[in-house]
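**Student:** missing the sequence, but the structure's below:
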């Protein structure tokens, strides 16, 4: 774990954000940079200062995290934000679409988390933050594959938290509601209009409104008692 900054925040940590080139991931990466942390962005996008990765591919994940360790050293905070969102009714969904969503949105979380666990446990400090969705709690019409994957992320987060909390490696999730990002571009305007009408706030959120939750979960002491929890910046869509 790193030293404390003058204002009490941890500083100088190494933070990895998957899917950090756009949307929620990009906002989270920027929030950690503003917090004084070193940030490694992993993404499938070909962009400057991005380590290329396909989170659904085991060997690609291994290569990416090897590059992170060479450049930054041990990972202190991992944010699994890479995701895929498409829309199809279950009766019309082909297996390829189902498998693609599960592979990226759920298996990718497992593969990336596994890469950091041993060194985090060895150093006695680590934070794993998985970006799920409120649809993993309540489901969504036309989003059975996505809802299943995100429910899996929440369940995986709880199980992982039980395994590693004794070593001060804390795993938690964030389950945002609809957020104005490129990820929702593939969803129909009809769906989005109906969804906005359901929300107590009457609007989708922005990535900048989600990012502080990740910083909180990774903070010391602010995040030290969150173990296997799911925070819900969701415009009131789900009230556990």
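**Tutor:** Thanks, I have it. Keep in mind that what you see is a predicted model, and the values were worked out from it rather than measured.
**Student:** Low-confidence ranges, the chain, go.
**Tutor:** 1-11 (pLDDT under 70).
**Student:** Strands of that one, start to end?
**Tutor:** Taking DSSP state E, the strands of the chain run over residues 14-18, 38-43, 50-52, 77-80, 126-131, 169-174, 230-231.
**Student:** Pick the most buried one from these.
**Tutor:** Compared across these, strand 77-80 shows the largest average neighbour count, a mean of 29 (mean count of other CB atoms under 10 Å). Using the backbone N, CA and C atoms, a C-beta is placed for each residue, glycine as well.
**Student:** List of residues touching it?
**Tutor:** 13-20, 25, 28-29, 32, 37, 55, 108-109, 112-113, 116, 126-131, 153, 214, 218 (CB atoms under 8 Å, 6 or more residues apart in numbering).
**Student:** residue contacts, residue 137?
**Tutor:** Contacts of residue 137 (CB under 8 Å, 6+ apart): 151, 154, 175, 230, 238, 240.
**Student:** Quick check: the farthest pair among these?
**Tutor:** Based on CB to CB, the longest span within those runs between 151 and 240 and measures 13.8 Å.
**Student:** who's more crowded, these two?
**Tutor:** residue 151 (19 against 7; other CB atoms under 10 Å).
**Student:** Tell me the spacing between the closest residue to the more buried one other than its chain neighbours and residue 145.
**Tutor:** Spatially, and ignoring its direct neighbours in sequence, residue 151 is nearest to residue 136 (4.0 Å; CB to CB, 6 or more residues apart in numbering). Look at residue 136 and residue 145: by CB to CB, to the nearest Å, they are 12 Å apart.
**Student:** Helices of the chain, residue ranges please.
**Tutor:** Assigned by DSSP state H, the chain shows helices spanning 23-34, 58-72, 95-102, 108-123, 135-138, 144-164, 189-198, 207-218.
**Student:** Dump those helices to JSON lines, plus distance to residue 46.
**Tutor:** Output for the helices of the chain, formatted as JSON lines (distance: least, CB to CB, whole Å):
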{"stretch": "helix 23-34", "distance to residue 46": "15"}
{"stretch": "helix 58-72", "distance to residue 46": "14"}
{"stretch": "helix 95-102", "distance to residue 46": "20"}
{"stretch": "helix 108-123", "distance to residue 46": "18"}
{"stretch": "helix 135-138", "distance to residue 46": "29"}
{"stretch": "helix 144-164", "distance to residue 46": "25"}
{"stretch": "helix 189-198", "distance to residue 46": "29"}
{"stretch": "helix 207-218", "distance to residue 46": "21"}
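**Student:** For residue 42, find the nearest of these.
**Tutor:** helix 58-72 (5.3 Å).
**Student:** buried sites along that closest one?
**Tutor:** 60, 61, 64, 65, 68, 69, 72 (16 or more other CB atoms under 10 Å).
**Student:** would a markdown table of the residues you listed with distance to residue 206 be doable?
**Tutor:** Shown next, in a markdown table, are the buried residues of helix 58-72 (distance: CB to CB, whole Å):
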| residue | distance to residue 206 |
| --- | --- |
| 60 | 30 |
| 61 | 29 |
| 64 | 28 |
| 65 | 30 |
| 68 | 28 |
| 69 | 33 |
| 72 | 28 |
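**Student:** dump the residue contacts of the residue nearest to residue 44 when sequence neighbours are not counted.
**Tutor:** Excluding the flanking residues, the one nearest residue 44 by CB to CB, 6+ apart is residue 54, at 5.7 Å. Contacts for residue 54 (CB under 8 Å, 6+ apart) come out as 44, 60, 61.
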